[in-house]
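>>> Sequence and predicted structure below; questions after.
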Amino acid sequence: MNKSGVMILGPGWVAGEHIKGYQQSEYTEVRSIVGIDQTSKKKAEEYIAEYRLDATYSENYEQELARGDIDIVSICLINNLHYQATLQALQARKHVLIEKPLCLSLEELKRLREEVKAAGIMTMIGHVARWYPAMVNAHKLVDQNKLGHIFYGESDYWHEIAPGWKTKAETAGSSLLMGGCHSVDLLRWFMGMERRVREVYAYTTGPHRRKDFEYPPAISGILKFEDGAIGRIGCCLESTMPYVFHYQFTGTGGTVRNNRFYLNQWEGDKRKFKEIEGRTADDPDVTHHPFPQEIQYFIECIRQNTEPQLSILNSYHTYEIIFAMEESAKTEKPVSLPL
Ligand SMILES: NC(=O)c1ccc[n+]([C@@H]2O[C@H](COP(=O)([O-])OP(=O)(O)OC[C@H]3O[C@@H](n4cnc5c(N)ncnc54)[C@H](O)[C@@H]3O)[C@@H](O)[C@H]2O)c1
């Protein structure tokens, strides 16, 4: 069978999980790793040895993009480099999986939307939390319409991130772009990707304890949907606690509260929640995240020619909400959407 060739751009921490995902598939193989310096060369060589890859290392992205045996690009660079690398992959007509965040500004977001329409390829943003078994099982209740009309949802990404580029404004962007984007994506997924937010109001605070942050590491925002539903997003990257990805959604038929649920219509003890089975997002280590499942899904979308739920076009509103929240926090005024 002819396998699709994959290029990994940015051999750092998360890249290893992407490589694992592609190598586990019978349809893909990693053929190229592109880095920038001796450190990335060393990391690439480690990955090539560990996963026994038949892959080359290069520091010339353009040249690698021109290769006929490369079909898919996985962008694992630091945040501020995602936009340019994505643009180039779209122009080279390669399928592209982009680590979160997609980009760092509304201007970049709009440009990518225009470019992707012309490219005719598959794109996906790596909001990997969707593949945690507990979240998949919770979302089945939505698919089965057990929660009814969801009118209130919340999601919080509370974590303490490591020092370095992730705390710098230029390289990371903001707390929402660095981590809270997972929460915005999750909220949209549960409340319905077709539903639109019409107004947001947000505040930021900090840094308080971690003075290495160049941007406020905490933000809280309220969302008003066009249909009257409400939501709340919280993100704190200097949390004094272990990593927790909290979410709760309530509807006319029932409620999901992390790995527990409650339904109006069920037999048994009405005073208690029931457990939702499966691994939850309670470990910040990327080896714990469900990257293989995320990558299998992306490969299937390419093979079946179906647009990923997390394509650039489908995620446009996610990033629009993020940029609206940031604008609101800056001006301390509500911001209306669309931007
Ligand atoms: N989906 C998730 O849950 C998840 C988890 C971790 C990281 N991420 C994302 O993955 C991306 C990489 O994160 P990481 O933790 O692997 O980071 P990392 O620092 O381990 O790796 C970053 C890569 O970018 C390269 N790089 C750094 N500066 C560069 C420059 N100026 N020019 C070109 N390349 C440069 C590095 O050489 C390295 O290969 C980030 O965007 C991050 O937000 C996502």
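Everything's here; your move. Residues are numbered from 1 along each chain as shown.
>>> Please report how far the nearest residue to residue 119 once chain neighbours are set aside lies from residue 300.
The shortest distance from residue 119 to any residue other than its chain neighbours is 4.3 Å, reached at residue 90 (C-beta to C-beta, 6 or more residues apart in numbering). Using the backbone N, CA and C atoms, a C-beta is placed for each residue, glycine as well. Distance, residue 90 to residue 300, by C-beta to C-beta, to the nearest Å: 21 Å.
>>> One more: residue 204?
Distance, residue 204 to residue 300, by C-beta to C-beta: 38 Å.
>>> Quick check on the two: which one has the bigger neighbour count.
More crowded of residue 204 and residue 300, by other C-beta atoms under 10 Å: residue 204, with 21 against 13.
>>> quick one: residue 296 is in a strand?
No - assessed with DSSP: H, G, I helix; E, B strand; the rest coil, residue 296 is helix; it does not lie in a strand.
>>> For residue 250, list the residues it contacts.
147, 150-153, 256 (C-beta atoms under 8 Å, 6 or more residues apart in numbering).
>>> Confirm it sits in a helix?
No - with three-state DSSP as the criterion, residue 250 is strand rather than part of a helix.
>>> and stretch 245-264, which residues are buried?
245-251, 253-259, 261-263 (16 or more other C-beta atoms under 10 Å).
>>> And stretch 84-100, by the same measure?
For stretch 84-100, a neighbour-count test (16+ other C-beta under 10 Å) marks 85-90, 92, 94-100 as buried.
>>> and the ligand, which of those reach it?
By C-beta under 6 Å from any ligand atom, the members of the buried residues of stretch 84-100 lying near the ligand are 99-100.
>>> can you redo the buried residues of stretch 84-100 as CSV with secondary structure?
Formatted as CSV, the buried residues of stretch 84-100 follow (three-state DSSP):
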residue, secondary structure
85, helix
86, helix
87, helix
88, helix
89, helix
90, helix
92, coil
94, coil
95, strand
96, strand
97, strand
98, strand
99, coil
100, coil
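>>> ok, and the closest non-adjacent residue to residue 40?
residue 11 (5.1 Å).
>>> now do residue 94
Counting by C-beta to C-beta, 6+ apart, the residue nearest residue 94 is residue 73, at 4.8 Å.
>>> For the protein, which residue occupies the most central location?
A centroid search over the chain (C-alpha atoms, centre = their mean) returns residue 127, at 2.2 Å, as the residue closest to the centre.
>>> For it, give me its contacts.
If you count contacts by C-beta under 8 Å, 6+ apart, residue 127 has them with 100, 181-182, 185-186, 310, 315, 318.
>>> max-length helix in the protein?
Looking across the chain with DSSP state H, the single longest helix is helix 312-331.
>>> residues of that helix that come out buried?
312, 314-329.
>>> Same question for stretch 97-116.
Within stretch 97-116, the residues that count as buried by 16+ other C-beta under 10 Å are 97-104, 106, 108-109, 111-112, 115-116.
>>> Kindly report the same for stretch 69-81.
Quick answer for stretch 69-81 (16+ other C-beta under 10 Å): 70-81.
>>> Of the residues you listed, which pair is most distant in space?
Pairwise distances across the buried residues of stretch 69-81 peak at 26.1 Å for 71 and 80 (criterion: C-beta to C-beta).
>>> Need the three-state assignment for residue 33.
The local conformation at residue 33, judged by three-state DSSP, is strand.
>>> Okay, strands next: where are they in the stretch 201-339 of the chain?
218-225, 230-236, 244-251, 254-257, 260-263, 274-275, 335-336 (DSSP state E, counting those that start in this stretch).
>>> these two touch, right, residue 86 and residue 111?
No - counting by C-beta atoms under 8 Å, residue 111 is not a contact partner of residue 86; they are 9.8 Å apart.
>>> Show me which residues of the chain are close to the ligand?
Counting by C-beta under 6 Å from any ligand atom, the chain sits next to the ligand at 10-15, 35-36, 40, 76-79, 81, 99-100, 126, 128, 286, 289.
>>> Counting only helices, which of those residues make the cut?
Per DSSP H, the subset of the residues of the chain next to the ligand in helices is 15, 40.
>>> remind me which residues of the stretch 151-300 of the chain are low pLDDT?
Counting by pLDDT under 70, the stretch 151-300 of the chain contains no low-confidence residues.
>>> ok, the residue lying closest to residue 326 once chain neighbours are set aside to residue 216 distance?
With sequence-adjacent residues excluded and distances taken as C-beta to C-beta, 6+ apart, residue 326 is closest to residue 174, at 5.9 Å. Counting by C-beta to C-beta, the gap from residue 174 to residue 216 is 8 Å.
>>> neighbour-wise, which of these two wins?
Higher neighbour count among residue 174 and residue 216: residue 174, with 26 against 21, using other C-beta under 10 Å.
>>> Does the more buried one touch residue 327 like I think?
No - using C-beta under 8 Å, residue 174 is not in contact with residue 327; the gap is 11.2 Å.
>>> picking up where we left off before, surely the residue nearest to residue 40 is in contact with residue 39?
No - look at residue 11 against residue 39 with C-beta under 8 Å: they stay out of range, at 9.0 Å.
>>> Give me the more crowded residue out of the two.
Each of residue 11 and residue 39 has its neighbours counted (other C-beta under 10 Å); residue 11 has more, 27 against 11.
>>> Phi and psi next, for that one.
phi -80, psi 80 (degrees, to the nearest 10).
>>> Tell me which residues touch it, please.
33, 35, 40, 43-44, 47, 76.
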